[in-house]
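Novice: Show me how the following folds:
(one chain, ligands or ions: 1)
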Amino acid sequence: MSAHGTAQPMTAHKSGPLKGTALVPGDKSISHRSLIFGAMALGETRVTGLLEGQDVLDTAKAMQAFGATVTRHGQGDWSVQGVGVGGFQEPADVIDCGNSGTGVRLIMGTMATSAMTVTFTGDASLRKRPMGRVTEPLALFGTQAYGRKGGRLPMTVVGAARPNPVRYALPVASAQVKSAILLAGLNCPGETVVIEREPTRDHSERMLIGFGAKLEVERRAEGSVITLQGQPQLRAQSVAVPRDPSSAAFPVCAALLVEGSDIFVPGVSQNLTRNGLYITLMEMGAEIEFQNPREEGGEPVADLRVRFSGNMQGIEVPPERAPSMIDEYPILAVVAACASGKTVMRGVKELRVKESDRIDAMARGLEACGVQIEEDEDTLIVHGMGAGGVPGGAICATHIDHRIAMSFLVLGLASKQPVSVDDASPIATSFPIFTGLMTQLGATLTQA
Ligand code: S3P
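Specialist: Predicted coordinates for the structure are as follows:
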């Protein structure tokens with residue numbers, strides 16, 4: 001099924017060398033947060049480099065429904081006139097977060113401690129995803145939620161009029177859950193504490209401090225203890241969004257796999273909570289140079305020079321690395337299929353509750369392309385066929401999942417026969433310029 005109506009099949013063909021510069025869009029996680037924190041701050045927050053993907057546009061629309069004024073001034077150049085912590089108005093209609101788990105879960109957090117009732121929904125993919133992981137900790141504040149069976153959307157959330165501060169140890173490694181609790185803690189008197197055993201992306205913590213909240217992170221034996229003082233006055237900021245390492249992964253991996261390639265990918269975030277794929281690729285023998293490391297917009301960034309790497313070897317990915325590359329397993333599975341030997345990915349059951357069941361989607365598609373796979377609930381093992389060794393020649397189902405679509409299209413650039421996807425339209429959620437950017441580098445992608 002397509003994200004927004006008509007499915008858009010697309011086919012990737014074996015391509016000549018990829019060359020040139022890939023300017024990938026702004027980071028999706030930081031883009032959502034810049035709009036949300038901007039809406040909760042007083043004054044005008046200016047955002048440059050905002051990702052104009054559908055997920056982020058849906059969050060922009062939601063922030064307007066809560067009373068903020070969100071304005072587009074030019075490509076990636078936006079402003080948010082915020083209403084301050086506790087200043088949200090009750091939206092007059094249902095909040096539709098489209099395909100975005102980050103959007104819906106973070107926005108639930110923002111309204112959970114205000115006296116208002118909000119109904120959330122999303123597309124067919126989002127309506128399958130579990131919301132209990134967010135509504136259970138929010139219930140500790142006094143928030144009530146009424147959803148479909150299994151805590152699914154559509155769901156009506158009744159914010160707590162007199163919220164209690166919360167201390168919560170995350171049972172799953174999830175930045176969305178962590179962020180939802182911190183956002184709820186903003187409009188709650190007293191200290192809200194979140195404990196995470198495994199580090200997950202820390203953009204909310206960094207940005208909350210940047211917007212003037214009092215937030216401390218203490219490393220203890222039990223994990224990171226994050227303490228937020230409630231009811232701060234957030235001050236409007238200028239946010240320069242770095243380029244998304246999860247989006248950069250697609251041209252980077254394509255260049256590693258397509259013979260003769262040599263590309264430049266500037267200004268990519270190298271935040272340590274996001275760079276697990278890049279560490280893994282280097283361990284497999286990828287030729288990536290990290291040039292000119294620097295700080296931009298409060299995040300470490302580098303320029304990447306990536307060359308075809310025909311001798312990559314399969315490896316065992318340490319399970320504790322999973323949170324720092326959770327969105328990159330689909331494209332890693334493609335690289336693994338084109339490496340020699342087997343790549344073992346354990347501790348990845350979170351992939352089953354992403355935009356699709358990504359273990360299943362990758363396993364079925366890779367098998368259809370002639371690659372041998374082993375899987376269980378928490379594991380994906382790919383038996384590599386070496387550079388240029390994947391037969392291809394299949395149509396892969398994308399299940400309304402942008403990263404599944406882009407992963408199989410990258411595979412088609414380097415396999416013997418073309419690889420098609422049944423629907424490329426979900427790519428617009430996170431990487432609306434994917435097709436143009438890849439084609440400009442030299443990739444052969446055709447409609448249908
Ligand atoms: C995100 C957190 C991750 C990630 C998602 C973006 C975020 O989800 O998969 O694409 O911006 O906080 P989980 O929190 O479910 O791991």
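
Novice: mind giving me the domain split of this protein?
Specialist: Using automatic domain parsing, the domain parsing of the chain gives 10-26+243-447, 28-229.

Novice: Indicate which one of these is closest to R235.
Specialist: Proximity to R235 (CB to CB) singles out domain 28-229 among these, at 4.4 Å. Heads up, the C-betas are built off the backbone N, CA and C, glycines and all.

Novice: Let me have the domains of the chain in TSV, adding mean neighbour count and mean pLDDT as columns.
Specialist: As requested, these are exported to TSV (neighbours: other CB atoms under 10 Å; pLDDT from 0 to 100):
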stretch	mean neighbour count	mean pLDDT
domain 10-26+243-447	21	98
domain 28-229	20	98
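
Novice: wait, which of those domains is closest to A236?
Specialist: Set against A236 and scored by CB to CB, the domains of the chain come closest in domain 28-229, at 3.3 Å.

Novice: Quick one: end-to-end distance for the closest one.
Specialist: Criterion CA to CA, to the nearest Å; first-to-last residue distance in domain 28-229 is 26 Å.

Novice: chain center to that domain, what's the gap?
Specialist: Here domain 28-229 shows a centroid-to-chain-centroid distance of 15 Å under the convention CA atoms, centre = their mean, to the nearest Å.

Novice: So the nearest residue to G84 once chain neighbours are set aside versus the ligand, what's the distance?
Specialist: Distances taken as CB to CB, 6 or more residues apart in numbering place L42 nearest to G84, at 4.5 Å, with adjacent residues excluded. Noted for L42: a distance of 24 Å to the ligand, by CB to the nearest ligand atom, to the nearest Å.

Novice: so who does L42 touch?
Specialist: For L42, the contacting residues are G82, V83, G84, Q233, L234, R235, A236, by CB atoms under 8 Å, 6 or more residues apart in numbering.

Novice: Which residue ranges of this structure form helices?
Specialist: Counting by DSSP state H, the chain has helices at residues 28-40, 54-65, 101-111, 132-141, 175-186, 203-210, 245-257, 276-284, 329-337, 358-368, 402-414, 434-441.

Novice: just the angle between the second one and helix 28-40, please?
Specialist: Relative orientation of helix 54-65 and helix 28-40, computed by axes from the mean of the first three to the mean of the last three CA atoms, to 10 degrees: 10 degrees.

Novice: Likewise for the fifth one?
Specialist: Inter-element angle recorded for helix 175-186 and helix 28-40: 10 degrees (by the same axes, to 10 degrees).

Novice: Show me what helix 175-186 is packed against.
Specialist: If you count contacts as 3 or more CB pairs under 8 Å, 6 or more residues apart in numbering; DSSP states H and E, helix 175-186 packs onto helix 28-40, helix 101-111, helix 132-141, strand 191-196, helix 203-210, strand 223-229.

Novice: For those, give me JSON lines that also has distance to I359.
Specialist: Output for the helices and strands packed on helix 175-186, formatted as JSON lines (distance: least, CB to CB, whole Å):
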{"stretch": "helix 28-40", "distance to I359": "22"}
{"stretch": "helix 101-111", "distance to I359": "17"}
{"stretch": "helix 132-141", "distance to I359": "18"}
{"stretch": "strand 191-196", "distance to I359": "23"}
{"stretch": "helix 203-210", "distance to I359": "26"}
{"stretch": "strand 223-229", "distance to I359": "26"}
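
Novice: residues in the stretch 301-448 of the chain within reach of the ligand, list them.
Specialist: I326, D327, E350 (CB under 6 Å from any ligand atom).
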